[in-house]
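Participant: Here you go, sequence then predicted model.
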Amino acid sequence: MGRQHWKRIWVGSAGNMVEWFDWFVYASFATYFAGAFFPSGNPTAQLMNTAGIFAVGFFMRPVGGWLLGRVGDRRGRKAALTLTVTLMSASAILIAAAPTYAVAGYGGAFVLLVARLLQGLSVGGEYAASATYLTEASDPRRRGFASSFQYVSMTAGQIVGLGLLIILQRTMSDDALHSYGWRIPFVVGALGAAVVFYLRRSMLETEVYEEDTSGTEERGTLRALWRHRREAFLVIALTMGGTVAYYTYTTYLTKYLSNSAGLSKETATLVSFTALIVFACLQPLAGALSDRVGRRPLLITFAVGSTFLTVPVMTLLRHADGYWPALGLALLALVVVTGYTSINACVKAELFPTGVRALGVALPYALANALFGGTAEYVALWFKKAGVESGFYWYVAGCAAVSLVVYVTMRETKDLDLARVTAREAGGVTTAS
């Protein structure tokens, strides 16, 4: 892979890292600010309120997917990536400055809600713009490897967020963290977004986009996407199981270990931090493997593992009595999830032609996340509050089983020429002759 390809991957990944740092910091610090915006009472109920606002952010992602996907297809991948990080910076500033319930009543919760809506708008476009950019900017023989850095950067954003949490936990009192310390990561996120904005202004557009000769009138339109509706529905179905599993073992894991397994917040955070470092390192390895054996074998491995291992792994995690048992189980789950995360970006980008690629990835993926990924934590807490927490384990396994059917029946995409994807059939793609 040439130096120019590496430069593009680095710039795209750096921005993606900051985007997802801001996105995940909300979940990572929720246990500290949950009581700041809502009346005192049941801790689980407070977490459900903050998780509800977290889920609302996901429901803005389809809007962001449509709006920023359209920008990416009509004005270029660079324009979309620059706009997403601007929106994310604004949302981080809002959360950092939001007044508490004691100061403004539910006014603070309203500010929090507005900020999450902006984050949802931003991330709804960021995923597709980043996936499209990394896939198009890479060597065609190493698209799986290159696009895997999307989840490396996403996970790195969460690792930095958790690392900052660990530092604050060890340098500030618990009262200080609950009082004002939780605002610090949002200030850091806003500053990081400003740096990435500068980097993205000087980034290069992809050759695939610049050399596209299709008409500009149809680029990025819902009319054009409707002609590729089979692929759009395929994206929703193949995302379903992966996004539920991913959010279960990343954003929800820390709260699950502290709120259900009974581990301390510090131990639960350290388990997540360590597991995510290993998880990030696995992504390029699995992406490179897909360039040799294909995308489908990895996707099928993930779905089979998630379908049959989720219930026992989550059950054992609930009874984990220390750092090492919890870490071992978390790593087992994340190794399985790697079969999806390492390559899902390039698989989706490979399904669509250049003129509708950003929108084709963005909108259906955002819809799937709004329905399944964004609600995973809330569904988990709902089952817990209802006294049947194990019902959530079966829910995750069931979503993976649905995606398994899709993986088994879809066609392989690794050898497609991105510049020549013009015709398609249900469950797969063909290229022009």
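Facilitator: Ah, there it is. Numbering: from 1, shown residues only.
Participant: Tyr151 versus Leu282, what's the distance?
Facilitator: From Leu282 across to Tyr151, the span is 9 Å (Cβ to Cβ, to the nearest Å). Glycine gets a C-beta too; all of them are placed from N, C-alpha and C.
Participant: Looking at these two, which one has more neighbours?
Facilitator: Higher neighbour count among Leu282 and Tyr151: Tyr151, with 29 against 21, using other Cβ atoms under 10 Å.
Participant: That one sits in which helix or strand?
Facilitator: Per DSSP states H and E: Tyr151 is located in helix 149-171.
Participant: Give the buried residues for that helix.
Facilitator: Neighbour-count burial for helix 149-171, counted by 16 or more other Cβ atoms under 10 Å, picks out 149-165, 168-169.
Participant: between Leu282 and Tyr151, what contacts are shared?
Facilitator: Common contact partners of Leu282 and Tyr151 (Cβ atoms under 8 Å, 6 or more residues apart in numbering): Ser342.
Participant: Not counting sequence-adjacent ones, nearest residue to Glu207?
Facilitator: Of all residues beyond its chain neighbours, the one nearest Glu207 is Glu136 (7.6 Å), with distances taken as Cβ to Cβ, 6 or more residues apart in numbering.
Participant: in the helix or strand encompassing that neighbour, what's buried?
Facilitator: Using DSSP H and E, Glu136 sits in helix 107-137. Across helix 107-137, burial judged by 16+ other Cβ under 10 Å covers 108-109, 111-113, 115-137.
Participant: With stretch 372-389 instead?
Facilitator: 372-384, 389.
Participant: Any stretches of the stretch 1-150 of the chain with poor pLDDT?
Facilitator: Low-confidence segments of the stretch 1-150 of the chain, defined by pLDDT under 70, are located at 1-2, 5, 39-48, 51, 54.
Participant: Shouldn't Leu204 be within a strand?
Facilitator: No. Looking at Leu204 with DSSP: H, G, I helix; E, B strand; the rest coil, it is coil, so not inside a strand.
Participant: can you tell me which residues contact the residue nearest the centre of the chain?
Facilitator: Against the mean C-alpha coordinate of the chain, by Cα atoms, centre = their mean, the closest residue is Met154 at 6.7 Å. When contacts are counted by Cβ under 8 Å, 6+ apart, Met154 touches 16-17, 20.
Participant: Would you mind getting the angle between the helix holding Tyr151 and helix 107-137?
Facilitator: Here helix 149-171 runs at an angle of 140 degrees relative to helix 107-137 (axes from the mean of the first three to the mean of the last three Cα atoms, to 10 degrees).
Participant: Can you identify the element that follows helix 149-171 toward the C-terminus?
Facilitator: Next in sequence after helix 149-171, counting helices and strands by DSSP H and E, comes helix 174-179.
Participant: next structured bit after that following helix?
Facilitator: Remark: after helix 174-179, the chain's next helix or strand is helix 184-201, criterion DSSP H and E.
Participant: Just the buried residues of that next one, please?
Facilitator: Neighbour count says helix 184-201 has 184-186, 188-190, 192-193, 196-197, 199-200 buried, by 16+ other Cβ under 10 Å.
Participant: Name the nearest residue to Ile166, ignoring sequence neighbours.
Facilitator: Closest residue to Ile166 apart from its sequence neighbours, by Cβ to Cβ, 6+ apart: Thr269 at 5.8 Å.
Participant: Next up, identify which helix or strand the one you found is on.
Facilitator: If you go by DSSP H and E, Thr269 is part of helix 265-293.
Participant: For that helix, name the packing helices and strands.
Facilitator: Where contact means 3 or more Cβ pairs under 8 Å, 6 or more residues apart in numbering; DSSP states H and E, helix 265-293 is packed against helix 143-147, helix 149-171, helix 253-259, helix 295-318, helix 323-341.
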